[in-house]
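Q: quick one: sequence plus predicted model below, questions after.
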Amino acid sequence: MATPIKIRLNGLDMVVDAVPLELEAFKPFGDAVANPQPNLHPAMAAKANDTAGMPFDAIVANQGTAIKYQHVSRIENLYDQAPSGRTGVAVSNMFTCASRALPRRLEAGVEREVFPVTVLERHPFTSQTFVPLRADPQSRYLVVVAPNLSPSAQDQQLPVPSSRPPGTIANRELPGRGLPDLKGLRAFIATTDQAVTYGAGTWHSPMVALGPADKAIDFFVFQFANEVSVEDCQEVLFGPSTITVRLQPQSRASKL
């Protein structure tokens, strides 16, 4: 891990409401993934052999037993632009994330859980995909992301890619070198039948699992890495946080 950058908040005092994770709202930061038509059994599409008008250029596949939704998430490996010249290789891990005990705040007679944001990180040369391994209606997870400021002297030592290879399919611009724009910070609640891909260079919080104290969420995590710390992961720290994400009472994420 590269040495984190410490940011002074200069009196910034923010409260951000977490909203359900939805495809369009998350597009500037990467991809939200879930079955776009969970009530459609593959046999129904196969019987008619008709996927016209279905999302993600769907096709009937697997000898007629599956619907294949294509390009639901963009996997990025931009390590060919890393200053070290070291190749990024595919890495898959499992993270077992314990549910976090969040402080509670009483507002207008309603008690809400809140999450203090103290650190954001990004993976400049790779996307990073988190896939929950079991759907559990009691468990959710919090996705916190932020856009980038313009480059400054504070981040000039942080390497980032400048472009995507020709022909790359992507739904967002590369964010560039700047530190996180905290005034643009967004927060989303995801259910465990949703996956999320952070686009290359997207500032995000480390994983925040939600749910009962004795619960944990298992995630399959896929990304690329080259074991050069400043190229694999960059961090910023805010010290005593004055950035708070507020969860709605019994917040539930909607389907995509």
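A: Thanks, I have it.
Q: point out where the stretch 101-250 of the chain drops to low pLDDT.
A: Where the stretch 101-250 of the chain drops to pLDDT under 70, the residues are 167-171, 240-241, 250.
Q: mind running it again at 80?
A: Counting by pLDDT under 80, the ranges of the stretch 101-250 of the chain that qualify are 107-109, 165-172, 239-242, 248-250.
Q: all helices of it, in order?
A: In the stretch 101-250 of the chain, the helices defined using DSSP state H, counting those that start in this stretch lie at 229-232.
Q: can you show me the strands along it?
A: Assigned by DSSP state E, counting those that start in this stretch, the stretch 101-250 of the chain shows strands spanning 104-107, 110-116, 119-122, 128-132, 140-146, 186-191, 195-198, 203-204, 208-210, 216-225, 234-237, 243-246.
Q: who touches the longest one?
A: In this case it means strand 216-225. For strand 216-225, contacts defined as Cβ atoms under 8 Å, 6 or more residues apart in numbering pick out 75-77, 79, 88-99, 123, 125-134, 136, 139, 141, 192, 207, 209, 211, 232. From N, CA and C alone the C-beta is placed, and that goes for glycine too.
Q: got the buried residues for it?
A: By neighbour count, with 16 or more other Cβ atoms under 10 Å as the criterion, the buried positions of strand 216-225 are I217, F219, F222, Q223, F224, A225.
Q: re the thing from before, any of the contacts of strand 216-225 buried? List them.
A: Among those, those classed as buried by 16+ other Cβ under 10 Å are 75-77, 79, 88, 97, 99, 123, 125-132, 136, 139, 141, 192, 207, 209, 211, 232.
Q: tell me the contacts of the residue most central in space within the chain?
A: For the chain, the residue sitting closest to the mean C-alpha position, by Cα atoms, centre = their mean, is Y198 at 3.9 Å. Remark: with contacts taken as Cβ under 8 Å, 6+ apart, Y198 is in contact with F29, G30, R122, H123, S127, Q128, T129, V145, H204.
Q: again, only using 6 Å
A: G30, Q128, H204 (Cβ atoms under 6 Å, 6 or more residues apart in numbering).
Q: which pair in the buried residues of strand 216-225 spans the largest distance?
A: The largest separation in the buried residues of strand 216-225, counting by Cβ to Cβ, is between I217 and F224 at 23.1 Å.
Q: before we move on, back to that, and which of the buried residues of strand 216-225 is nearest T3?
A: A225 (18.2 Å).
Q: look up how far Y79 lies from that closest one.
A: From A225 over to Y79 the distance is 8 Å, taken as Cβ to Cβ, to the nearest Å.
Q: neighbours of G53, how many?
A: A count of nearby residues for G53, using other Cβ atoms under 10 Å, gives 6.
Q: so which helix or strand takes in it?
A: With elements taken from DSSP states H and E, nothing contains G53; it lies in neither a helix nor a strand.
Q: need the pLDDT of it.
A: Looking at G53, its pLDDT reads 76.
Q: partner residues bridging the residue nearest to the centre of the chain?
A: The residues listed as beta-bridge partners of Y198 by DSSP bridges are G30, Q128.
Q: can you tell me how far it is from R172?
A: Relative to R172, Y198 is positioned 11 Å away (Cβ to Cβ).
Q: much appreciated, bye for now.
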